[in-house]
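Enquirer: return atomic coordinates for the entry below.
(one chain, ligands or ions: 1)
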Amino acid sequence: QAPEAVSPTGSPTGAPATARAQSGQYLTTAQGLRLGDTDHSLKAGSRGPILLQDHHLREKITHFDHERIPERVVHARGAGAHGVFRSYGTASNITRAGFLAKDVETPVFVRFSTVLGSRGSADTVRDTRGFSTKFYTDEGTYDLVGNNIPVFFIQDGIKFPDIVHAAKPHPDREIPQAQSAHDTFWDFVSLHTEAQAHTMWNMSDRGIPRSFRTMEGFGVHTFRFVNAEGRTTLVKFHWKPKQGVHSLVWEEAQIINGMDPDFHRRDLADAIEAGAFPEWELGVQTFPDTEDQMFEGIDLLDPTKFVPEELAPVQPIGIMTLNANPTNYFAETEQVAFHPGHLVPGIDVTNDPLLQVRLFSYLDTQISRLGGPNFAQIPINRPQAPVNDMLRDGMHQQAVHGGAAPYRPNSLDGGCPFLAGQDVGAFIDVPEELAASIKERKNAASFDDHFSQARLFFRSLSPVERDHVIQAYTFELGKCYEKSIRERQLAALANVDAELCAAVAKGLGLPAPEATEQVADSDPSPALSQIGGTWPVA
Ligand code: HEM
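Expert: I've put the predicted structure just below:
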């Protein structure tokens, strides 16, 4: 027998399921003992030493001593909001996900974040932004854990610790705290040139969004939709803000960081409080699930590549409205645990080697961040679908499980015999033939092109936007003290675009190197507008 579904705090009203309002008539201890005085410790006389027997003092101080939990290893600083997602039903022919059927409303919780700064860092730094959405669907929780940039730094997740170590503050002095790039960052991206495309987006205005409300979101990886007949389609997710896409200029970002480091979280909370609910349309680019998983020469399993919308239009499938602020930052925004492996029937993963490593990493990190394996019981993480698992015990267990036989089938509890047809509605992994039979540590040759997408993005920008990119590279590389690293990054830029390279080299007072890889003048077509252009109406 499945237990009753428990509402997560993620209701559109934002009311926590186990709210402890500070409105009682009198104060108590954690055990409910009524207290007369919480301002004076128990002493031997009014000037004497404090007595160890003061159980209230010890409870109060001990609890305070343990108030902090580790911040996220990345994306430590964030702001969240509750909302609702309404599906158009336009994807129901390609996915059987119930929450994507026509006119289904699903409660959501969204957390926006910067990537590199600590919890107390400033909002308007130059950085990638996280855009994570938890859909509390009737079929289980689905998480879309994306970014505001459609490509990623690395192709294989095994390098994730390395890029993060290179981009976080230097280990000796913990400088810089803000995300202005520095020697180790440029060292990494000039040596691992697959990072050039993401870096180009960071150096563009996309790296300093005006507001969380004016950011696009991207699933980055290619995912797989499965419909009721079992037919599969490859998809890339896009969030399009109804507020439009807007950025700051660098000088504004700098001034705001100084004057109001909470600018983005304040902006989000204020807008929601004022009833100006921000909205995003969710859309997908769709691709045939072919054997090679290539589309127009782009390897769909390479997370450093995006597919221009001219080649695959984004098709709207639903709309999300954020309509309630969290009641308690710690309980909700800090304790929420997203995971790309939180899937529902109708949405599956692909063999993208970055995604595959993420599938391991999130659960693993949350076990230490949230103190053991039971964090799915924290109100913000509770599914809205009924839960009937065989997971037992462990740190911070909140449930009182009945029954004696948490295994199946069993003949003692009458619990869950295998029934014919019980897999109807269940998550079924898409069967896939594996092409390679050789164990090897290398990338496919289709991952080798590291420059054409950086070029595609740069050449799609308006002249003003290009100037901003040139200024950003010049400023940030100007903070890179090792000349050989600056020269190596210029060599990478030469392979992207000769004019960009020459302008940055001039700004740095260095000679512009020649391209070492062929840069086709006609590649890409200037007609290819940047991501975030117009978007077709379904
Ligand atoms: C957070 C690992 C790539 C988006 C995190 C966290 C870890 C992590 C350990 C902290 C989670 C927590 O404490 O709850 C990795 C690894 C990656 C990777 C190993 C590559 C192999 C990506 C990519 C994206 C992304 C490609 C975007 C598509 C995010 C976001 C968060 C996050 C948005 C913050 C979630 C939140 O708001 O709580 N990542 N990540 N990550 N990651 Fe990744």
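
Enquirer: which residues touch I175?
Expert: Taking C-beta atoms under 8 Å, 6 or more residues apart in numbering, we find I175 in contact with 169, 182. For every residue, glycine as well, the C-beta is placed using N, CA and C.

Enquirer: pretty sure it sits in a strand.
Expert: No - I175 is assigned coil when assessed by DSSP: H, G, I helix; E, B strand; the rest coil, not a strand.

Enquirer: that one and the ligand, how far apart?
Expert: Separation of I175 from the ligand (C-beta to the nearest ligand atom, to the nearest Å): 23 Å.

Enquirer: what do you get for V145?
Expert: Relative to the ligand, and taking C-beta to the nearest ligand atom, V145 is found at 5 Å.

Enquirer: next: R369.
Expert: 5 Å.

Enquirer: leaving out the residues flanking it, which one is nearest to that residue?
Expert: Take R369 and drop its neighbours on the chain: the residue closest to it by C-beta to C-beta, 6 or more residues apart in numbering is P70, 5.3 Å away.

Enquirer: I'd say the one you found and I367 touch.
Expert: No - with contact defined as C-beta atoms under 8 Å, P70 does not count as touching I367 (11.4 Å).

Enquirer: compare these two (neighbour count), which wins?
Expert: Applying other C-beta atoms under 10 Å to P70 and I367 shows that I367 carries more neighbours, namely 16 against 12.

Enquirer: so what's that one up against?
Expert: With contact set as C-beta under 8 Å, 6+ apart, I367 has these partners: 373, 375.

Enquirer: also the one 3 residues further on?
Expert: With contact set as C-beta under 8 Å, 6+ apart, L370 has these partners: 69, 335, 337, 378.

Enquirer: and with 10 Å instead?
Expert: Neighbour list for L370: 69-70, 334-337, 376, 378, 381, 395-396 [criterion: C-beta atoms under 10 Å, 6 or more residues apart in numbering].

Enquirer: over to N443?
Expert: So N443 contacts 155-156, 194, 299, 301-302, 353 (C-beta under 10 Å, 6+ apart).

Enquirer: hmm, back to that, list buried residues within the contacts of L370.
Expert: 334-337, 376, 378, 381 (16 or more other C-beta atoms under 10 Å).

Enquirer: which of the contacts of N443 has the most neighbours?
Expert: D302 (26 neighbours).

Enquirer: the residue lying closest to that one once chain neighbours are set aside: how many residues sit nearby?
Expert: With C-beta to C-beta, 6+ apart as the measure, F447 is the residue that lies nearest to D302, at 5.0 Å, once sequence neighbours are left out. F447: 18 surrounding residues under other C-beta under 10 Å.

Enquirer: does the ligand sit close to stretch 265-278?
Expert: No - judged by C-beta under 6 Å from any ligand atom, stretch 265-278 makes no contact with the ligand; its nearest approach is 12.8 Å.

Enquirer: need the residues that contact that stretch.
Expert: Against stretch 265-278 from outside (C-beta under 10 Å, 6+ apart): 14, 77-84, 110, 112, 123, 210-215, 241-243, 260, 262, 320-326, 329, 333.

Enquirer: of those residues, grab the buried ones for PyMOL.
Expert: Buried subset of those, written as a PyMOL selection, criterion 16+ other C-beta under 10 Å:
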select buried, resi 14+77+78+79+80+81+82+83+84+110+112+123+210+211+212+213+214+215+241+243+320+321+322+323+324+325+326+333
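
Enquirer: that older thread, closest to A30 among the contacts of L370?
Expert: Relative to A30, the closest of the contacts of L370 is H396; by C-beta to C-beta it sits at 15.1 Å.

Enquirer: now do the SS call for that closest one.
Expert: coil.

Enquirer: and the residue nearest to R369, what element?
Expert: Using DSSP states H and E, P70 sits in no helix or strand.

Enquirer: what's the distance between the spatially closest residue to V104 that is not a sequence neighbour and the ligand?
Expert: Sequence neighbours aside, S87 is the residue nearest to V104 in space, at 4.8 Å (criterion: C-beta to C-beta, 6+ apart). S87 sits at a distance of 22 Å from the ligand (criterion: C-beta to the nearest ligand atom).

Enquirer: ok, Q366 next?
Expert: Per C-beta to the nearest ligand atom, Q366 is found 5 Å from the ligand.
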